[in-house]
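Participant: sequence and computational prediction follow.
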Amino acid sequence: MSGYEAIIYEKNDRTGYITLNRPKALNAYNLRMRDELYEVLGAVNDDTDIEVVVLKGAGEKAFCAGADLTEFLTAPPPVFARQARFERDVWGRFLNVKKPVIAALHGYVLGSGIEMALCCDIRLAADDAHFGLPEPGLGIIPAAGGSQTLPRIVGVAPALEMLMSGRWLNADEALRIKLVNRIVPRAELLSEAENIAEKIKANNPVVVRYTKQAVVRGLDLTLEAGLELESRLGRRLMALAKDSGV
Ligand code: COA
């Protein structure tokens, strides 16, 4: 896959690597990046060669410093309309990726950056990572799902503190509120993400996909409906195993 400017997409041994690639602007999330992520996330979902996805940022300073402030709040109406459309679609696509997505987070993880990370399944932080939602200081509320995804992951009180005060967290604080799974030295961030990817790929990809579906979809259901979803997926898996003679 080629022709991207704001991201890089690479595949290696059943892992898809998506790199936010505007390092001079701290990988700020612009319309181009939005369009390209929309396309690549669709492709990743359909690509039977890909079992795990790693999302990372290019350059030394940031995973992503949020929405591109040169487009943001100043765009003319048609661009704005397009922006809104892609916002919805991209976040929907992120949340509907059937395969596990590991976010490798370093440096600034702000605004849409943190919201992208929240759409991933596993978040690894480098020891230099800083997390924040500058939106309240800009007079806006999050537009990429942060008001919904953050409290689901860290709980209501820590989410409200971040969302209402705009206070930034370092990697230790992010780990303490379980915003990230673990902290690793900056130099080991990618290799640790790859270690996790290897462990996941050692398992049957259908089992992994169904597990993700049971957990992620189940979170939005009552316990009763979630248990029903789990047993439905379990039955489907057994039927698949029987059909393939395993
Ligand atoms: N949109 C567009 N460009 C951005 C950007 C953003 N969100 N964040 C950083 N950049 C650009 C800067 O304009 C600068 O460009 P330049 O070299 O052409 O001047 C470059 O990235 C480096 O940023 P700089 O501010 O010099 O780095 P720093 O280390 O001093 O500060 C931050 C880093 C993240 C604290 C600071 O860039 C910042 O506050 N960015 C905005 C964060 C934000 O409010 N995001 C929107 C959330 S909704």
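Facilitator: Received it, and whenever you're ready, just let me know what you need.

Participant: for the nearest residue to residue 167 once chain neighbours are set aside, which three-state class applies?
Facilitator: Leaving aside its sequence neighbours, residue 167 sits nearest to residue 161 (C-beta to C-beta, 6 or more residues apart in numbering; 6.4 Å). C-beta coordinates here come from the backbone N, C-alpha and C atoms, glycine included. Following DSSP: H, G, I helix; E, B strand; the rest coil, we place residue 161 in the helix state.

Participant: okay, now residue 161: neighbour count?
Facilitator: When neighbours are defined as other C-beta atoms under 10 Å, residue 161 has 14 of them.

Participant: correct me if wrong: it contacts residue 169.
Facilitator: No: applying C-beta atoms under 8 Å, one finds residue 161 not in contact with residue 169, separated by 9.5 Å.

Participant: host element of the residue nearest the centre of the chain?
Facilitator: Centroid-nearest residue in the chain, with C-alpha atoms, centre = their mean: residue 120, separated by 3.0 Å. Assigned by DSSP states H and E, residue 120 falls within no helix or strand.

Participant: quick check: it vs residue 94, distance?
Facilitator: Separation of residue 120 from residue 94 (C-beta to C-beta, to the nearest Å) stands at 8 Å.

Participant: one more: residue 236?
Facilitator: Taking C-beta to C-beta, one finds residue 236 at 24 Å from residue 94.

Participant: looking at those two, which one has more neighbours?
Facilitator: residue 94 (21 against 12).

Participant: burial measure for the spatially closest residue to that one that is not a sequence neighbour, as a count.
Facilitator: Counting by C-beta to C-beta, 6+ apart, residue 119 is the residue found nearest to residue 94 once chain neighbours are left out, at 3.7 Å. Using other C-beta under 10 Å, residue 119 has 22 neighbouring residues.

Participant: overlap of the contact sets of residue 120 and residue 94?
Facilitator: Here residue 120 and residue 94 have residue 101 as joint contacts, going by C-beta atoms under 8 Å, 6 or more residues apart in numbering.

Participant: now do the contacts for the residue nearest to the centre of the chain.
Facilitator: Residue 120 neighbours (C-beta under 8 Å, 6+ apart): 55, 94, 101-103.

Participant: what do you get if the cut-off is 6 Å, keeping everything else the same?
Facilitator: 101, 103 (C-beta atoms under 6 Å, 6 or more residues apart in numbering).

Participant: could you do residue 134 as well?
Facilitator: Residue 134 neighbours (C-beta under 6 Å, 6+ apart): 110-111, 166.

Participant: which ones among those lie within strands?
Facilitator: Mapping those onto strands (DSSP state E) picks out residue 110.

Participant: which neighbouring elements make contact with the lengthiest helix in the chain?
Facilitator: Ordering each helix of the chain by length in residues (DSSP state H) puts helix 223-243 first. Packing partners of helix 223-243 (3 or more C-beta pairs under 6 Å, 6 or more residues apart in numbering; DSSP states H and E): helix 205-218.

Participant: just checking, what packs against the helix it packs on?
Facilitator: helix 223-243.

Participant: residues of the helix it packs on that come out buried?
Facilitator: 226, 229-230, 233, 237 (16 or more other C-beta atoms under 10 Å).

Participant: from those residues, which is closest to the ligand?
Facilitator: Nearest to the ligand out of the buried residues of helix 223-243 is residue 226 (C-beta to the nearest ligand atom; 33.4 Å).

Participant: show the pLDDT at the residue nearest to the closest one when sequence neighbours are not counted.
Facilitator: The shortest distance from residue 226 to any non-neighbouring residue, by C-beta to C-beta, 6+ apart, is to residue 218 (3.7 Å). At residue 218, the pLDDT value in this model is 96.

Participant: can you check residue 78 too?
Facilitator: 54.
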